Each structure stands twice: as structure tokens, then as C-alpha cells.
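S.K.: show me how the following folds:
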Amino acid sequence: MLKTYSILFFLFFFHVSAEVIQKLEVKGNKRISSETIKVYGNINLGKNYSSDEINEINKNLYETNFFEDISVFLSDGVLNITVKEYPIINFVDIQGEKSDTIKKSVLSKLNLKEKQSFIKNKLSDDIILLKNIYASIGFNFASVEAKVQSFDNERVNLLFVLNKGKKTNISQINFIGDKKIKESKLRDIIVSEEMKFWKFLSKNTFLNKNNIELDKRLLINYFKSIGYYDVQVLSSNAEVGQENSTRLTYNINAGTRYKVNKISTNVSEVIDSNLFIPLKDSFSKMIGKYYSPFNVKKLLDELDILILNNDLQFIEHSVSEILEGDTIEIKINIFEGKKELVEKVNIIGNNITDEAVIRSELLIDEGDPFNKTKLEQSIAKLKARNIFGEIKNKIIDGSKKDQKILEIEVEEKPTGEISAGAGIGTNGASFAFNIKENNWLGKGLSISTNLDVSAESLSGQLFVNNPNYNFSGNSLYYQVSNTINDKATSGFKNNIISTGIGTKFEQYRNVYISSGLNFSHDKLEVNSSASPALKKQKGTFTDLAFDYGVSLDKRDKVFSPTDGYISSFSGAIPIYADAGSISNTYSFSKYQGITENAVGAFKLQASAVNGLSDKDVRLSKRLFTSNTRLRGFESGKIGPKDGKDYIGGNYSITSNFELNLPNLLPESTKTDVGLFLDFGNLWGVDYSSSLDDSNKIRSSAGANVSWVSPAGPMTFVLSQNLSKASTDVTEGFNFRLGTTF
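M.R.: Okay, the predicted model is just below:
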């Protein structure tokens with residue numbers, strides 16, 4: 001009986017608190033039609049509306065940002081709506097910004113835009129936003145004043161009066177606290193730079209809040225990568241001086257350096273734990289080594305491959321890290337997530353970049369099972385493209401209970417870069433200039449062009465790379481280059497023009513394959529002082545070759561690796577050539593952390609080039625040894641010699657044993673020291689066996705010294721030859737002063 005009364009009461013209450021809308025009356029609207037208000041309010045005539053649904057109509061209309069005030073009430077079947085419309089912005093301008101390009105970019109980021117509603121509450125937000133934008137490019141004390149000009153028909157002009165002031169230079173960068181690592185190393189990690197007279201092209205010498213936050217992330221990632229799990233990095237700026245400069249200080253507390261003592265998996269009962277037995281080999285390799293989040297990520301990548309290969313949908317994983325003393329235990333939890341699907345993926349914030357570029361990096365798409373791990377990996381891939389500042393994601397409930405909507409918001413940033421460098425040393429002076437753009441026309445293309453000038457050579461190159469061609473995951477690159485070598489002392493001049501196309505992709509985990517076609521045009525001119533061998537090779541030659549390569553990269557990190565190795569093999573086979581030759585090169589580098597303050601490395605490189613059909617290898621194709629691979633000898637001044645000319649060889653091999661000692665000298669000296677032991681040989685003259693009398697192992701030992709001088713970074717190489725050929729030109733001391741602008 002009680003239940004019957006409850007139902008009757010509910011039906012009665014619903015009847016008296018709900019009413020059918022039979023007619024709609026709108027007042028106060030001048031620009032927005034009544035029909036548009038009906039659509040935006042989601043109003044249906046003839047429908048029974050409760051008080052909550054009337055409130056929902058009110059909410060829907062406010063969300064349009066068309067109305068400053070709204071009144072909605074239902075009486076006797078008539079829905080009465082009275083509105084007050086916001087003024088419309090007729091024109092927006094920034095006075096005080098001369099660059100139309102910058103002005104256009106800044107206006108696109110404001111909340112208040114032309115042809116939209118003028119909402120006073122958003123005006124103060126835009127003033128703060130403008131100050132933050134200009135602070136991000138060095139104008140830390142910019143002032144902004146807003147002026148509103150009202151006109152008839154509820155229209156306004158909005159003017160932002162900007163006084164940028166002067167840019168704030170970074171006069172000094174300091175690292176304090178328990179930082180464990182020398183300042184010279186930390187300066188290489190961060191992007192901010194001290195203002196120097198030669199840094200006139202660099203934009204990183206100005207105080208930039210975004211760069212400071214990036215510096216902190218880079219420092220934290222580096223310290224964690226070498227075992228400092230709980231590192232803390234703080235930053236502070238000293239008071240700006242009269243010269244509009246400031247000191248930037250990073251306070252670092254490195255904390256304890258942890259080693260991994262145990263790795264285990266916690267697999268849910270509903271999943272077959274035997275599927276993850278292959279991970280044990282990878283676990284054993286990490287145990288006993290310093291903790292690194294990059295190595296943990298590699299483990300999770302292997303786990304993802306196992307999940308994918310076994311078609312385990314809706315399987316997720318998380319990581320628990322337990323600290324004890326100076327060790328860390330890693331526990332990988334593998335469990336079955338909620339069985340939800342992706343209903344829709346929304347991309348917002350990309351005003352320049354094509355949406356297809358962003359979607360091509362996503363590992364999860366509409367209709368796929370929703371997986372948080374794949375979403376995180378997708379965000380990581382987008383960040384790796386280096387064309388966005390900040391990337392945020394939001395997970396929203398879909399139209400059905402078992403569906404999710406993914407919202408990915410990107411913040412676009414400047415992707416162009418101009419750099420220049422100059423140097424002088426024992427090998428002469430040189431100059432380099434480079435322009436690079438990572439997101440050409442918003443298509444995600446990377447374009448770079450560079451020019452290198454030295455005493456005897458001039459070279460330039462244009463390189464275009466599409467890192468995800470046709471959404472295949474493979475990179476496709478094009479290049480064209482021109483090199484002119486003018487060696488008057490040897491009596492020759494040659495001009496090499498080349499162009500090529502190729503691709504590179506990850507075939508298996510850490511295994512990269514590359515292939516391509518290269519066309520070259522080589523013109524060699526000689527004079528009377530040239531050797532007979534050079535005179536025989538004069539003329540014009542055309543080549544079309546197939547280039548290929550394969551590499552296995554097992555380094556713990558690309559920048560300053562402390563563990564692992566990289567092994568690669570590359571070659572070129574002629575398809576058509578006036579004087580064809582086959583070349584092959586094998587390279588191997590192994591890195592090993594010996595102590596906290598010492599990292600050892602072993603490097604090996606072996607190359608060979610051989611002519612086809614009894615043809616001699618041309619001068620431009622022959623092998624020479626650089627003084628970076630064989631220290632203690634001048635570049636290009638070892639090996640076979642024809643008269644006074646070093647003609648290069650058909651075969652080359654070098655090996656290097658290196659020991660980096662970053663903390664050998666006090667930090668106040670701003671000097672890093674490394675020791676080396678080099679071996680090498682260059683031999684083989686196909687056109688005359690009588691000239692090949694230098695087939696001898698060369699060796700040297702010495703030290704590398706890097707010093708951050710007031711004029712820029714300087715490098716010194718002091719070496720002692722242990723063995724050499726009689727024709728070699730040795731070099732016991734080498735220095736170079738070089739910097740980027």
C-alpha cells in the first residue's frame with residue numbers, strides 16, 4: 001500500500017512541476033534570431049519540460065557566449081526568454097608591435113577576437129596572456145593597456161597598447177647545491193645561454209620563463225637517467241640590473257644515486273603470466289645498474305610488444321618503484337583495464353599544423369579499445385616531433401557508458417632556428433651557417449640548409465625530411481649539395497654536385513634500416529703542378545648509386561651515453577657510373593660507466609672502396625683519415641703518397657680507447673679532461689702498387705682538454721705518437737676555438 005502511495009505522489013509531483021511548451025517568445029535579441037536561440041537552447045515545442053530542464057535551456061544559452069544576461073521562465077505554456085546581447089568586436093589591434101607576423105600570431109592566441117562577442121571578464125585574462133607571451137620571448141617587463149572604443153549597433157573596437165621595453169639578458173648562469181655534476185656538463189644540457197658578444201643570433205640568451213621550465217625538465221631527466229631518482233631542481237632570478245640583465249641560478253639537490261636491486265611482475269590472475277617470461281632476460285641486464293627511467297621505458301616497450309603479439313586487448317600496466325637505502329625495486333603491474341572503446345578523438349590548438357600530422361603519431365584511433373598506455377605513448381611520440389610547446393590530453397565520457405572521447409590539445413611554438421659558427425685553430429679558420437625549420441608549412445616536414453667555408457673548401461646542402469611519409473611510420477628524405485675543393489698547393493680543383501632520395505625506418509626494435517639513391521656529378525680540373533696520378537683522373541664523371549645501411553642502437557641514451565653500444569654497417573653500389581666503385585663502412589661504439597666520475601668508450605671504424613671493371617677509384621671517392629679518428633696526425637696527411645700529394649687509400653681502419661674524467665680538475669677551472677689511445681691505418685693504391693709503402697699501424701696517446709674560455713669554448717688535443725710511417729705528418733698539439741652565435 002505504501003509503495004502505491006509513493007508512486008501516486010511522484011506522478012502528481014512531476015505533473016505539477018512540469019509543463020508543455022506550446023509557444024516561444026524571445027525579447028531583447030537584435031542580431032541573434034529567435035530560431036537560432038531555439039536551436040542553441042535545444043528547445044522543442046510540444047515537449048513537457050521540468051524546472052531542471054528549463055535551467056538546462058538557460059545554461060545552454062549562456063554557453064554560446066552570445067548573451068550578457070538571460071532570463072527564462074515558463075508560464076501557461078509560453079516559454080519567455082529575455083536576453084541582452086554582448087557587443088560584437090569589430091576590430092582588434094596591438095599598438096606597439098611593428099611585426100605583422102608576430103602581431104598575427106599573438107592575436108590568434110587571444111580569447112577576444114574580431115567578429116566575436118566582447119566579454120569584459122575575458123579582457124583582463126587577455127592582458128595577462130599578452131604579458132606572458134612577450135615575457136616568453138625576453139620582454140619580461142612589458143606593459144599592456146586596453147582601450148575599448150564603442151560604436152552604434154553594439155559594436156566595439158579593442159586596442160591593446162603595448163610597451164615592450166627592453167629584453168632581459170642572461171648575464172650569468174649558476175648551478176648551486178648538491179649537484180654532483182660539473183657545471184660545464186650541465187650547461188650542455190640546458191637550452192638557456194649566457195649573453196656573450198658572439199651570441200648575437202641566439203634567442204636563448206634572453207630570460208624566458210618557458211626556457212627555464214624546459215631547463216628544469218632537462219636537468220631532472222638527465223639526473224634521473226644516471227640514477228638520481230629523487231633529484232630536485234629549483235630556479236631563481238636575481239634582481240634585474242641597470243643594463244637590463246639578470247643572473248639565472250639553478251639550485252640542484254641530486255640526492256642519493258640508486259641502483260636497481262630487483263625487478264618483478266605482478267600479473268593479474270585473469271592473465272596468463274607465462275606470456276611474460278621473455279622479460280626476465282631484460283630484467284637481469286638491468287639489475288645491479290644505476291636506475292634510469294629510460295631503461296624502465298624500454299622494459300615497458302618490450303611489454304607492449306608482448307601484449308600486441310599475443311593480441312591482449314584492454315591489458316594495461318603500471319610501475320611501482322620502492323626505495324630502500326641506495327637501491328630501488330621496480331614492480332611492473334599487469335592488469336585488465338576497463339573494456340571501453342574510443343568514440344572520438346578531438347584535436348584542438350593546431351592553428352598551423354595539419355591535423356593529419358598529429359593523428360599520424362597517435363597509436364590509438366576512433367573505434368579502438370581505449371588504452372591509457374597507448375595514449376601516453378602517443379603523447380610521447382608527439383613530443384618527440386619537437387614542433388609543439390605543451391601537449392595536454394583529457395579523457396571525457398562518451399555518449400555511451402563503455403565509450404570515451406579523447407581530447408588532445410597542442411600548443412604550437414616557433415619551430416625555426418638560425419645558427420652560425422666560427423672557429424680558428426691549428427687547421428685554419430672556418431665558418432658555418434645553418435637555417436632549420438621543423439614544421440614546414442604545417443606539414444611536419446623538416447628542412448635545413450647549411451653553408452660551410454674553410455680555407456680550401458666551400459660546401460652547401462639543402463636537406464628535406466618527412467619523418468612520417470604517407471603515414472607509414474617511415475621517414476623519406478631528399479637532399480642536394482654542392483662541394484668545391486680548391487687545393488692550389490696540390491694543383492687541382494674539383495666540384496661535386498649531388499642529389500639524392502632515401503628512407504629510414506625501424507624494422508625491428510632498435511634495428512634501423514636505410515636505403516636510397518644518390519646521383520653525383522664530379523668535375524676535376526688540374527694544372528701543370530699536379531701529380532701524374534691526378535692528371536690521369538681529370539675530367540667529368542657521373543654516378544648513380546644505391547645507398548644502404550643497417551644499425552643496431554643499444555645505447556642507454558643518445559646524449560652522453562654511459563652504457564650500451566651502437567653498431568652500424570653502410571655501403572654504396574653503383575647503378576650507373578663512368579668509373580664505378582663499391583664502398584662499405586662498419587662502425588661500432590661501446591660505452592661503459594666505470595665509476596661515477598669516469599666513463600670509458602671503445603670505438604671502431606673500418607672502410608673499404610674498390611673500383612669496378614679494373615677502374616681506378618677516383619680521388620673524390622678515395623678514403624682519408626680525420627684527426628678526430630686518429631689524433632696526433634694531421635687530417636688527410638697519412639697513407640699513400642704520390643709525389644707531394646696524399647692520395648688517400650682503398651682501405652681504412654681506426655680504433656679508439658677513451659676515458660672521460662669530468663671531475664679530474666676543480667670545477668672553478670671550467671675544464672674537462674679525457675684520455676685516449678688511438679690506432680689506425682690507411683693503405684691501398686689500386687692504380688700503382690709501388691706507391692703503397694705506408695701499410696703500417698699508426699698509434700698515439702694523449703689527452704683531450706675542453707675549456708670554457710671568456711672568448712668561447714676551446715678544445716685542445718695533446719698527443720704523443722707511438723708509431724708512424726715515414727711519410728706521415730704528425731701533430732703533437734691541436735687546438736680549436738669555436739662557438740655558435
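
S.K.: so residue 219 sits in a strand?
M.R.: No - counting by DSSP: H, G, I helix; E, B strand; the rest coil, residue 219 falls outside a strand, being helix.

S.K.: which ones are touching the closest residue to it other than its chain neighbours?
M.R.: Residue nearest to residue 219 in three dimensions, not counting chain neighbours: residue 233, with 4.8 Å by C-beta to C-beta, 6 or more residues apart in numbering. Glycine gets a C-beta too; all of them are placed from N, C-alpha and C. Contact analysis of residue 233 by C-beta atoms under 8 Å, 6 or more residues apart in numbering lists 216, 219, 220, 223, 250, 251, 252, 253.

S.K.: so which residues of the stretch 401-550 of the chain form strands?
M.R.: Using DSSP state E, counting those that start in this stretch, the strands assigned to the stretch 401-550 of the chain run over residues 403-412, 416-425, 428-440, 445-454, 457-466, 475-487, 492-508, 511-526, 539-553.

S.K.: would you format these as JSON lines with mean pLDDT and distance to residue 203 included?
M.R.: Putting those into JSON lines (pLDDT from 0 to 100; distance: least, C-beta to C-beta, whole Å) gives the following:
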{"stretch": "strand 403-412", "mean pLDDT": "89", "distance to residue 203": "17"}
{"stretch": "strand 416-425", "mean pLDDT": "66", "distance to residue 203": "9"}
{"stretch": "strand 428-440", "mean pLDDT": "80", "distance to residue 203": "13"}
{"stretch": "strand 445-454", "mean pLDDT": "89", "distance to residue 203": "17"}
{"stretch": "strand 457-466", "mean pLDDT": "92", "distance to residue 203": "22"}
{"stretch": "strand 475-487", "mean pLDDT": "91", "distance to residue 203": "27"}
{"stretch": "strand 492-508", "mean pLDDT": "91", "distance to residue 203": "30"}
{"stretch": "strand 511-526", "mean pLDDT": "92", "distance to residue 203": "32"}
{"stretch": "strand 539-553", "mean pLDDT": "93", "distance to residue 203": "32"}
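
S.K.: dump those into JSON lines; add mean neighbour count as well.
M.R.: As requested, these are arranged in JSON lines below (neighbours: other C-beta atoms under 10 Å):
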{"stretch": "strand 403-412", "mean neighbour count": "18"}
{"stretch": "strand 416-425", "mean neighbour count": "15"}
{"stretch": "strand 428-440", "mean neighbour count": "16"}
{"stretch": "strand 445-454", "mean neighbour count": "16"}
{"stretch": "strand 457-466", "mean neighbour count": "16"}
{"stretch": "strand 475-487", "mean neighbour count": "16"}
{"stretch": "strand 492-508", "mean neighbour count": "16"}
{"stretch": "strand 511-526", "mean neighbour count": "17"}
{"stretch": "strand 539-553", "mean neighbour count": "16"}
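
S.K.: skipping adjacent residues, who's closest to the residue sitting nearest the centre point of the chain in space?
M.R.: What sits nearest the mean C-alpha location of the chain, by C-alpha atoms, centre = their mean, is residue 386, with 3.8 Å. Leaving aside its sequence neighbours, residue 386 sits nearest to residue 438 (C-beta to C-beta, 6+ apart; 5.8 Å).

S.K.: which residues touch the one you found?
M.R.: Taking C-beta under 8 Å, 6+ apart, one finds 385, 386, 387, 415, 416, 417, 446 in contact with residue 438.

S.K.: I figured residue 113 hits residue 104, correct?
M.R.: No - under the criterion of C-beta atoms under 8 Å, residue 113 is not in contact with residue 104, lying 11.9 Å apart.

S.K.: measure stretch 95-106 end to end?
M.R.: End-to-end distance for stretch 95-106: 12 Å, by C-alpha to C-alpha, to the nearest Å.

S.K.: below-threshold pLDDT in the stretch 1-150 of the chain: ranges please.
M.R.: 1-18 (pLDDT under 70).

S.K.: which parts of it are strands?
M.R.: Using DSSP E, counting those that start in this stretch, strands in the stretch 1-150 of the chain cover 18-20, 23-27, 48-50, 67-75, 78-85, 88-95, 143-151.

S.K.: identify the bridge partners of residue 344.
M.R.: Taking DSSP bridges as the rule, residue 344 bridges to residue 405.

S.K.: how many neighbours does it have?
M.R.: 14 (other C-beta atoms under 10 Å).

S.K.: do residue 222 as well
M.R.: 21.

S.K.: does it really touch residue 187, like I thought?
M.R.: No - assessed by C-beta under 8 Å, residue 222 is found out of contact with residue 187, at 11.9 Å.

S.K.: re the thing from before, more neighbours: residue 113 and residue 104, which one.
M.R.: Shown here are residue 113 and residue 104; by other C-beta under 10 Å, residue 113 has more neighbours (14 against 11).

S.K.: that one and residue 151, how far apart?
M.R.: Using C-beta to C-beta, to the nearest Å, residue 113 is found at 17 Å from residue 151.

S.K.: sorry, back to before: reformat the strands of the stretch 1-150 of the chain as CSV; add mean neighbour count.
M.R.: Below are the strands of the stretch 1-150 of the chain laid out as CSV (neighbours: other C-beta under 10 Å):
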stretch, mean neighbour count
strand 18-20, 15
strand 23-27, 13
strand 48-50, 15
strand 67-75, 15
strand 78-85, 17
strand 88-95, 16
strand 143-151, 13
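
S.K.: and the ones you listed: which comes nearest residue 525?
M.R.: strand 88-95 (57.1 Å; C-beta to C-beta).

S.K.: mind listing residues that contact that closest one?
M.R.: 31, 103, 106-107, 110, 112-118, 130, 151, 154-162.

S.K.: which of the residues you listed are buried?
M.R.: Burial of those was assessed by neighbour count (16 or more other C-beta atoms under 10 Å); the buried members are 103, 106-107, 110, 112, 117-118, 130, 156-158, 160, 162.

S.K.: just the ones of these in helices?
M.R.: Judged by DSSP state H, helices contain the following of the buried ones among the contacts of strand 88-95: 103, 106, 107, 130.

S.K.: which element is the residue lying closest to residue 444 once chain neighbours are set aside on?
M.R.: Of all residues not flanking residue 444 in the chain, residue 357 sits nearest, at 3.9 Å (C-beta to C-beta, 6+ apart). Element membership for residue 357 (DSSP states H and E) is helix 355-359.

S.K.: can you give the contact residues for that helix?
M.R.: Under C-beta under 8 Å, 6+ apart, the answer for helix 355-359 is 345, 347, 350, 365, 382, 408, 410, 439, 442-444, 468, 471.

S.K.: which one is residue 171 nearest to, not counting chain neighbours?
M.R.: The nearest residue in space to residue 171 (C-beta to C-beta, 6+ apart) is residue 245, at 3.9 Å.

S.K.: pretty sure residue 106 contacts residue 132?
M.R.: No - in this structure, residue 106 is not within contact of residue 132 by C-beta under 8 Å, at 10.9 Å.

S.K.: picking up where we left off before, pretty sure the residue nearest to the centre of the chain sits in a helix.
M.R.: No - looking at residue 386 with three-state DSSP, it is coil, so not inside a helix.

S.K.: need the per-residue pLDDT for it.
M.R.: Reading off the confidence values, residue 386 has pLDDT 80.

S.K.: how close does it sit to residue 377?
M.R.: 17 Å.

S.K.: same check, this time on residue 551
M.R.: 23 Å.

S.K.: now residue 722
M.R.: The value you get for residue 722 to residue 377, if C-beta to C-beta is used, is 50 Å.

S.K.: those two: who's more crowded?
M.R.: More neighbours surround residue 377 than the other of residue 722 and residue 377, with 19 against 14 (other C-beta under 10 Å).

S.K.: tally of neighbours for the closest residue to residue 214 other than its chain neighbours?
M.R.: For residue 214, ignoring the flanking residues on the chain, the nearest one in space by C-beta to C-beta, 6+ apart is residue 191 at 5.8 Å. Neighbour count of residue 191, defined by other C-beta under 10 Å: 14.
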